[in-house]
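> requesting a structural model of the entry that follows:
(one chain, ligands or ions: 2)
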Amino acid sequence: MRIRFLGVRGSCPVSGKNFRKYGGNTTAILINSEDTSLIIDAGTGITNLEERENFRENVVFLFTHYHLDHVLGLPFAFLLYTQGYRRKMYGPDFGKFSMNDALDLLSNPRLLPFKVSRKMLETQILPLKEDFTEGGFRILSLYSRNHPLDGIILYRIESRGKSVGIATDYELGDDREKVVEFFRGVDLLVHDAQYTPEEYEGKRGYGHSTEIMAAEVAKDSQAGKLLLFHFDPFHRDHVVDEQEKRAREIFPETAAAREGMELEI
Ligand SMILES: [Zn+2]
Ligand SMILES: [Zn+2]
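Numbering: from 1, shown residues only. Ligands and ions are numbered 1, 2, ... in the order given. Predicted structure coming up:
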């Protein structure tokens, strides 16, 4: 699988000289297999995709939850409005709130001048399952309630004997053992590191982890590599540098994800 980080920021997009190294666009990740382009979340990072690129004929959107930083780019994703792709969208149902409700909210005419679901070309919107295959991927999902309001979906994506775990907007907590088991032996773990340990003290229950928590999950689950992810919009590059350094003391195979970073696993 080939993974590209389109946006690694949490909460809201930022720009300027203090954010050049890691980038300011919010959460979006592209994973390509031979015939499928999987896009996990559609924050503003999705605008990094360009029409001239070669996408696979199957385009699958996968959502972790519907907070604004994970859907804000969706109305501007040209893949929704371009012929020649088979499109599917998988999003969790949180009680009675579904992917369709999220699309409707996002398209409120007071907030956006067009209705996404009306403008987009044929797209299958499907409820998320716990374990399913799509294109060359096996997709496993795990629900955690450790993110406000409705919780969060963690993903484990496997293809040709390789695996990547994604835990964005997750606060390590009482379901730690279950989560570590879910990510057991992944080649790559992408984990929320929104806060430094000092900040975390005042932000318990906000639904995010520290770089130390991310490193502990990577270590306990025996991941091959850890990428810190979903950085606080107030964290300038030097703060993320320090987070990376601290996490490496616990789990040496750690790096901070950067916008535009590509890797093959
Ligand atoms: Zn977020
Ligand atoms: Zn969130």
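
> residue of the stretch 1-150 of the chain with the smallest distance to ligand 2?
Residue nearest to ligand 2 within the stretch 1-150 of the chain (Cβ to the ion): residue 67, separated by 3.4 Å. Every residue, glycine included, has its C-beta placed from N, CA and C.

> quick check: closest non-adjacent residue to that residue.
Take residue 67 and drop its neighbours on the chain: the residue closest to it by Cβ to Cβ, 6 or more residues apart in numbering is residue 169, 6.9 Å away.

> what do you get for residue 207?
Closest to residue 207 by Cβ to Cβ, 6+ apart is residue 147, at 3.5 Å.

> what's near enough to touch that neighbour?
65, 169, 170, 171, 207, 208 (Cβ atoms under 8 Å, 6 or more residues apart in numbering).

> apply 7 Å and report the result again.
Under the criterion of Cβ atoms under 7 Å, 6 or more residues apart in numbering, the neighbours of residue 147 are 65, 169, 170, 171, 207.

> distance of the third one relative to residue 231?
Applying Cβ to Cβ, to the nearest Å, the value for residue 170 to residue 231 is 14 Å.

> and what of the first one?
Between residue 65 and residue 231 the distance, using Cβ to Cβ, works out to 18 Å.

> got it, and the fourth one?
According to Cβ to Cβ, residue 171 stands 15 Å off from residue 231.

> higher neighbour count, those two?
residue 231 (30 against 26; other Cβ atoms under 10 Å).

> list the residues that contact the more buried one.
Listed by Cβ under 7 Å, 6+ apart, the contact partners of residue 231 are 8, 9, 10, 22, 193, 194, 240.

> what's the local residue count around the residue in the stretch 151-265 of the chain that ligand 2 sits nearest to?
Residue nearest to ligand 2 within the stretch 151-265 of the chain: residue 169 (3.8 Å; Cβ to the ion). Neighbour count for residue 169, taken as other Cβ under 10 Å: 29.

> for it, what are its contacts?
Taking Cβ under 7 Å, 6+ apart as the test, what residue 169 contacts is 64, 65, 67, 147, 152, 192, 207, 208, 230.

> again, only using 6 Å
Residues in contact with residue 169 (Cβ atoms under 6 Å, 6 or more residues apart in numbering) are 147, 152, 192, 207.

> ok, and of these, which contact ligand 2?
Residues shared between the contacts of residue 169 and the neighbourhood of ligand 2: none [Cβ under 5 Å from the ion].

> JSON lines for the residues you listed, including secondary structure and pLDDT?
Formatted as JSON lines, those follow (DSSP: H, G, I helix; E, B strand; the rest coil; pLDDT from 0 to 100):
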{"residue": "147", "secondary structure": "coil", "pLDDT": "98"}
{"residue": "152", "secondary structure": "strand", "pLDDT": "98"}
{"residue": "192", "secondary structure": "strand", "pLDDT": "98"}
{"residue": "207", "secondary structure": "coil", "pLDDT": "98"}
